[in-house]
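**Q** Kindly return the folded structure for what I paste below:
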Amino acid sequence: MASSAALVQRALALLGEGNAGQARQLLEEAAALDPHDPVPRHNLAELSFRQGRLDQGQRLFEELLAEHPAFLPAYPSLLALLEQRRASDPTSAQDPRPMLLNNWANALLAHGRVPEAEPLYRQSLALDPGYAHAWANLSNLLRLQMRLSEAEQTARQALAVRPDLPGAWVNLGCALEELACHGEAEACLQRALALQPDQPEARHNLGSGRLMRHLYRADLSLAELLRLHQTWGEALLAESEHQREAVSPPTGTAPRRSGPPGPAATPPPARAGRPRIAFLSSDLRRHAVTTFLEPLLEHLDRDRFDPVCLASVAEGDACTERLRRLPLEWHDVHQRSDAQLEELIRSLGIDLLIELNGHTRGTRLAALVRHPARLQASWLGYPFRTGLPSLDFRISDAWVLDGSEEPQGPERRALLDRCQFVYRPLAEAPEVSALPALERDAITFGSRSNLNKLTPPVLALWSLLLLSCPGSRLLLQASHLADPHWRGWLRGAFAAHGVPPETLLLLPYDGSLGHLEAYHRIDIALDPFPYNGITTSCDALWMGVPLVTLRGELPQGRGGVTLLEALGRADWIADTPEHYLAIARGLAVDPLRLSAERSLLRARMQASPLRREAEHARAFERCLERMLAGPAGADPAAMAGS
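**A** Purely as a prediction, here's the structure:
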């Protein structure tokens, strides 16, 4: 029997010969053979349109898009059909074109084709200025492009039309969050939840997203951060138990106990054979996480471990395909609910699951509440405890977790006996340039960190540094700097400390290779605090730019420490703000020495543990074995390794 695709090809050939009748029969046969394939149905709709059967063609297109909203070829064809109908009856009260254009833009957005979607939203609004959904969706697109002020105003336009539209409140809240208007943002997200209690974006931003933002703050103590994370974890566990009881109400059970809920399920038992190690992440694509994960997945010893990737990736890319081709088991889980993901993990017999998101966007922590894997750990994506009671371990290293900062409990320390990071630079990374200061005759400091990391103490200290180094300037590069609000805010914030606006070079970041070329304009990189950079710090060092970091009191403030210790440049680690200034000034005062350092830094990094991929994999395997060992792993001292 011919396949559906073969029947379509024969039908297209017949159409080319002018035999539309036989072609239709073959297309109908192909559609019946594989009802889930949109291609035969699309060609049937096209054929009806070409033959002037507009009612039939419109119905077929609409049925197809109702089932396959991401099937892009159908949109322009249906729009052309609707335009033809509109031309023959311009007085018709019903005009489906605005909704079609909006849906077409949504489909393009789902495919990552953001620039192509904007004109379609605007065409939709030109036809129907009162179409609130199109205003709300355009706001979301503008936010993705970091046109944040426009996104805010566009969301407000949607709410002016439909004040009861949850998505518009979410988009307004997200835009305000990106603009650092946190109080107003939370109020908008709360309004969205009042209208739609299960709204996922609002739930994330008011839960995990809020915890992530807390890590940037310099005014929260360890105890306060631990309490906030623990409260979140207990609430998630209580919600999980409530949902389970709602599905299967217990009968004849003892009264519910008071106090924090305990584990909701018993972990599966150990199994024979190679331990199955699962990596769960929404970031298995070109992302900071894969910068450090890909070398490990390549070098992990398959004779000792059986790796599994659980990819909760909305839209994959070339990096996704590279990872998928590695010798491992791969499961796409983005479309699975938390309950379905939990069920899959149990069915796979995972010995140790390592989740790589923490509280970052796309997290699937809710699927791990009932402990579907025998052991569960977090690593890489989040530098603090998650607060989830069902996570057994937290993978790190002794420079980030020095043993003094956290009490005992869930998420016990599992420490590599080396730096936990191994860095793989982009293959197309540019060469190290000459020192910019030799041409400018003045120093350029720089940072490419998330602007949320530029806390008031950071702004104050960097201002002191700039004012103490005559002629110096500060280059900042971030996606948020595409928006005039952030550019104006930063100039004002530094001006309040006496730094002239012309001292700042504010560059947007478009996600292309150009962000590495920005290091050709930077002499010395500055690490923010209390939340250090990791990927941006490695990028700077690879591009020959020395990094000055401040040793923090909390884990998120020690990323720079572990990187520089591994590099053998502990002399760039400051213990106090005054020491930070002294290190930066010491580097700035001698451009010739700085130039020599720049020329040698990439080779130093290449020879350091930060680039020894196989060595990192062996250390990670030792850490895995200690976690898998069972009761001995409960002793944090034992987990620290040798």
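**Q** can you give me the mean pLDDT across stretch 85-104?
**A** Stretch 85-104 shows a mean pLDDT of 89.
**Q** what's the answer for stretch 541-559, then?
**A** Mean predicted confidence for stretch 541-559 is 97.
**Q** Adjust the sequence numbering to begin at 88 for everything that follows.
**A** Sure, I'll start counting at 88 from here, so that last one is stretch 628-646.
**Q** residues of that stretch that come out buried?
**A** Within stretch 628-646, the residues that count as buried by 16 or more other C-beta atoms under 10 Å are 628-639, 641-646. Where C-beta positions appear, they are placed from N, C-alpha and C, glycine not excepted.
**Q** which SS state does the most centrally placed residue in the chain fall under?
**A** Closest to where the C-alpha atoms of the chain average out (C-alpha atoms, centre = their mean) is Arg448, at 5.2 Å. Put simply, Arg448 is coil when judged by DSSP: H, G, I helix; E, B strand; the rest coil.
**Q** Could you do Pro414 as well?
**A** With three-state DSSP as the criterion, Pro414 reads coil.
**Q** Rounded mean pLDDT for the longest helix anywhere in the chain, please.
**A** For the chain, the helix with the greatest residue count under DSSP state H is helix 309-334. Helix 309-334 shows a mean pLDDT of 87.
**Q** Ok, stretch 715-729 next?
**A** On average, stretch 715-729 scores 51.
**Q** how much space between the residue lying closest to Leu475 once chain neighbours are set aside and Phe707?
**A** Computed as C-beta to C-beta, 6 or more residues apart in numbering, the closest residue to Leu475 that is not its neighbour in sequence is Gly320, at 4.7 Å. Distance of Gly320 to Phe707, given as C-beta to C-beta, to the nearest Å: 26 Å.
**Q** sorry, back to before: just checking, the residue nearest to the centre of the chain touches Gly296?
**A** Yes. Arg448 is within contact range of Gly296, at 7.4 Å (criterion: C-beta atoms under 8 Å).
**Q** Which residues does the following helix or strand past the longest helix of the chain contact?
**A** Downstream of helix 309-334, the next assigned helix or strand under DSSP states H and E is strand 363-368. Strand 363-368 is contacted by residues 376, 380, 384, 387, 392-400, 420, 432, 435-444, 449, 451, 454-455, 460, 468, 711 when judged by C-beta atoms under 8 Å, 6 or more residues apart in numbering.
**Q** Go again with 6 Å.
**A** 392-397, 436-444, 451 (C-beta atoms under 6 Å, 6 or more residues apart in numbering).
**Q** Quick one: low-confidence residue ranges for the protein.
**A** 88, 332-352, 490-495, 597-601, 717-729 (pLDDT under 70).
**Q** can you map out the strands along it?
**A** 363-368, 393-398, 416-419, 439-442, 462-465, 480-484, 499-503, 531-534, 560-565, 591-595, 611-613, 634-637, 660-661 (DSSP state E).
**Q** okay if I get these as a markdown table plus distance to Ser164?
**A** As requested, the strands of the chain are arranged in a markdown table below (distance: least, C-beta to C-beta, whole Å):
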| stretch | distance to Ser164 |
| --- | --- |
| strand 363-368 | 37 |
| strand 393-398 | 33 |
| strand 416-419 | 29 |
| strand 439-442 | 43 |
| strand 462-465 | 47 |
| strand 480-484 | 51 |
| strand 499-503 | 55 |
| strand 531-534 | 49 |
| strand 560-565 | 41 |
| strand 591-595 | 37 |
| strand 611-613 | 52 |
| strand 634-637 | 54 |
| strand 660-661 | 61 |
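**Q** Which one of those strands lies nearest to Gln109?
**A** strand 416-419 (38.5 Å; C-beta to C-beta).
**Q** Could you chop this protein up by domain?
**A** If you go by automatic domain parsing, the domain ranges for the chain are 88-172, 363-509+710-726, 523-698.
**Q** any idea how far the first one is from the chain center?
**A** Right, domain 88-172. Mean-position distance between domain 88-172 and its chain equals 38 Å (C-alpha atoms, centre = their mean, to the nearest Å).
**Q** do the same with the longest one
**A** A distance of 23 Å separates the centroid of the chain from that of domain 523-698, by C-alpha atoms, centre = their mean.
**Q** Could you find the closest non-adjacent residue to Thr318?
**A** Gly474 (7.4 Å).
**Q** let me fix that: Leu302
**A** Per C-beta to C-beta, 6+ apart, closest to Leu302 is Gln643, 4.9 Å.
**Q** With Asn190 instead?
**A** Asn190's closest residue in space is Pro156 (C-beta to C-beta, 6+ apart), at 6.4 Å.
**Q** ok, now Trp486?
**A** Closest to Trp486 by C-beta to C-beta, 6+ apart is Thr649, at 3.8 Å.
**Q** Next one: the one you found from Arg709, what distance?
**A** For Thr649 relative to Arg709 (C-beta to C-beta), the value is 17 Å.
**Q** likewise Leu367?
**A** Distance from Leu367 to Arg709, by C-beta to C-beta: 22 Å.
**Q** residue contacts, the residue nearest to the centre of the chain?
**A** Contacts of Arg448 by C-beta under 6 Å, 6+ apart: none found.
**Q** can you check Arg689 too?
**A** 519, 631.
**Q** let's go with 8 Å and repeat that
**A** By C-beta under 8 Å, 6+ apart, the neighbours of Arg689 are 519, 629-631.
**Q** and it, how far is that from Ser695?
**A** 11 Å.
**Q** and if you look at Asp484?
**A** Asp484 is 14 Å from Ser695, by C-beta to C-beta.
**Q** Looking at those two, which is more packed in?
**A** Taking other C-beta atoms under 10 Å, Asp484 and Ser695 do not tie; Asp484 has more neighbours (25 against 19).
**Q** Go ahead and confirm that one touches Val648.
**A** No. Applying C-beta under 8 Å, one finds Asp484 not in contact with Val648, separated by 9.8 Å.
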